[in-house]
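Novice: here's a sequence, model it:
(one chain, ligands or ions: 1)
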Amino acid sequence: ARSRRVVPRALDSSSMHAPPTDDVDWDNLGFSCEHVSKTMMFVATATLGADGQTWEWKEEGVGPYGALAMDPSAQCLNYGQSIFEGMKAQRTMEGNLVLFRPSENAKRMRDGAARMSMAPPPEDLFLRGVKATVAANAAFVPPNGKGALYCRPLLLGSGPILGLGPAPSYTFLVYCSPVGSYFKGGQLDPIRLKVEEVEHRAAPGGTGNTKCAGNYSPVLNVQLEAKQRGFNDVLYLDAVSNTYVEEVSSCNIFAVFGNKIVTPSLGTILPGVTRKSIMDLARSKGFEVEEAPLAIDDVLRADEVFTTGTAVVLSPVGYIERGEEGREYQNTEVAMSLYEALTGIQQQTMDDPFGWVVTV
Ligand code: COI
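Specialist: Next up, the predicted model:
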């Protein structure tokens, strides 16, 4: 049931946090680094303990956002030990600052660290770092409903190494930026996607399910070309048969067929926190939700298509083009109702039956 304010809170933290600064034009936020130089960031480093096996973390805490001093032989610069997360802090109508399922991001970063042979930040360090960053940058959390403070936890193999191997030391940091809509045109403007039929984002056994930096730049060539042609982003197909949709460069994808909602199974795609939450929300609203191979042919016949991600939130898709063929989608009803349900929980204007929201 929808209500204005129903989430009980033991502690009203609003008085502890700064109100939004006057230095930002809150009505015209995009998704950019425009304000990062005014913010604070959290830093911790890991080195191996005397036993040569246990990572010892040293927290430097929160300080001004600024350049990192890095050795040219840093592993991350040479061989790419670099993984990241994306999270959003919101200001509720009561003025509290809240995060959405931060433990899920902590877990995904630890899973990514295991895949990339990096020192995994302990969950309590990860959560402390994110919360400290949000609290220190409270003035940059937009007013309720005007956007979010996007937090970017980064884990870098920052120690030097020349031969191929894992870094001897790691840097975990969290920086942040106030953000509005990810895609140009506004949060709920239906987006235009181009199906990529030649290049692939990920292959079975690869790192498509890891939020590693290396997954993101190989998509830029086709993405930039698609953007020049008026598309918002590119939709990737599976590398084996070029038949099934995988994900968009920046978000996961869902297709609606009557009462059934289908999203590609995990494996080569990013296990999105928003993806997982939307599946739970859709089931709670009575939809049948399936994680299964999803053929592009079926997507082009779907009643509705939408994408999800932390940065993207939930975007209805208005048009998909594959080769010479194009499909316009008129329906956005399911997307809109799930968007309302998700953002209602994230901003605490609705009940949070899953217990997803964490107060900073
Ligand atoms: C996010 O949604 O948080 C991401 O990291 C995607 C990125 C392309 C902005």
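Novice: what about residue 83, distance to residue 115?
Specialist: Noted for residue 83: a distance of 8 Å to residue 115, by C-beta to C-beta, to the nearest Å. Using the backbone N, CA and C atoms, a C-beta is placed for each residue, glycine as well.
Novice: next, show the common contact partners of those two.
Specialist: With contacts defined as C-beta atoms under 8 Å, 6 or more residues apart in numbering, the residues adjacent to both residue 83 and residue 115 are 210, 212.
Novice: so residue 330: helix, strand or coil?
Specialist: On the three-state scheme (DSSP: H, G, I helix; E, B strand; the rest coil), residue 330 is labelled coil.
Novice: can you tell me which residues contact the closest residue to the ligand within the stretch 101-250 of the chain?
Specialist: Among the residues of the stretch 101-250 of the chain, residue 250 lies closest to the ligand, at 3.8 Å counting by C-beta to the nearest ligand atom. With contact taken as C-beta under 8 Å, 6+ apart, residue 250 is in contact with 182, 233, 309, 311-312.
Novice: and the stretch 51-200 of the chain, which residues reach the ligand?
Specialist: Within the stretch 51-200 of the chain, the positions near the ligand by C-beta under 6 Å from any ligand atom are residue 86.
Novice: strands of the stretch 51-200 of the chain, residue ranges please.
Specialist: In the stretch 51-200 of the chain, the strands defined using DSSP state E, counting those that start in this stretch lie at 55-64, 82-84, 87-91, 97-100, 148-156, 169-179, 191-196.
Novice: can I get those strands in CSV including distance to residue 19 and mean pLDDT?
Specialist: What follows is those, written out as CSV (distance: least, C-beta to C-beta, whole Å; pLDDT from 0 to 100):
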stretch, distance to residue 19, mean pLDDT
strand 55-64, 19, 97
strand 82-84, 29, 98
strand 87-91, 9, 97
strand 97-100, 11, 98
strand 148-156, 13, 98
strand 169-179, 13, 98
strand 191-196, 33, 97
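Novice: can you list the ones you listed in JSON lines and add mean neighbour count?
Specialist: Below are those laid out as JSON lines (neighbours: other C-beta atoms under 10 Å):
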{"stretch": "strand 55-64", "mean neighbour count": "13"}
{"stretch": "strand 82-84", "mean neighbour count": "22"}
{"stretch": "strand 87-91", "mean neighbour count": "25"}
{"stretch": "strand 97-100", "mean neighbour count": "24"}
{"stretch": "strand 148-156", "mean neighbour count": "25"}
{"stretch": "strand 169-179", "mean neighbour count": "23"}
{"stretch": "strand 191-196", "mean neighbour count": "23"}
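Novice: out of the ones you listed, flag the one nearest residue 220.
Specialist: Residue 220 lies closest, by C-beta to C-beta, to one member of the strands of the stretch 51-200 of the chain: strand 191-196, at 11.9 Å.
Novice: residues in contact with the closest one?
Specialist: Outside of strand 191-196, the residues within contact range by C-beta under 8 Å, 6+ apart are 183, 185, 222, 226, 229-237, 245, 248, 296, 307, 315-323.
Novice: what's the next secondary structure element after it?
Specialist: Sequence-wise, the next helix or strand downstream of strand 191-196 (DSSP states H and E) is helix 220-228.
Novice: which strands and helices lie in contact with the very next helix or strand once past that next one?
Specialist: Under the assignment DSSP H and E, the closest C-terminal helix or strand after helix 220-228 is strand 233-237. For strand 233-237, the helices and strands in contact under the criterion 3 or more C-beta pairs under 8 Å, 6 or more residues apart in numbering; DSSP states H and E are strand 191-196, helix 220-228, strand 245-248.
Novice: what residues of stretch 259-272 count as buried?
Specialist: Counting neighbours by 16 or more other C-beta atoms under 10 Å, one finds that the buried residues in stretch 259-272 are 261-264, 267-272.
Novice: in helices, which of these appear?
Specialist: Among those, no residue falls in helices (DSSP state H).
Novice: which two among these are spaced furthest apart?
Specialist: Pairwise distances across the buried residues of stretch 259-272 (C-beta to C-beta) peak at 20.3 Å, for the pair 261 and 268.
Novice: circling back: any idea how far residue 327 is from the residue of the stretch 101-250 of the chain closest to the ligand?
Specialist: Residue 250 sits 21 Å away from residue 327, taking C-beta to C-beta as the criterion.
Novice: same deal with residue 95?
Specialist: In terms of C-beta to C-beta, residue 95 sits 44 Å off from residue 327.
Novice: between these two, which one's more packed in?
Specialist: For residue 95 versus residue 327, neighbours defined as other C-beta atoms under 10 Å are more numerous around residue 95 (18 against 15).
Novice: count the residues that sit near the residue of the stretch 51-200 of the chain found nearest the ligand.
Specialist: Nearest residue of the stretch 51-200 of the chain to the ligand (C-beta to the nearest ligand atom) works out as residue 86 at 1.9 Å. When neighbours are counted by other C-beta under 10 Å, residue 86 registers 19.
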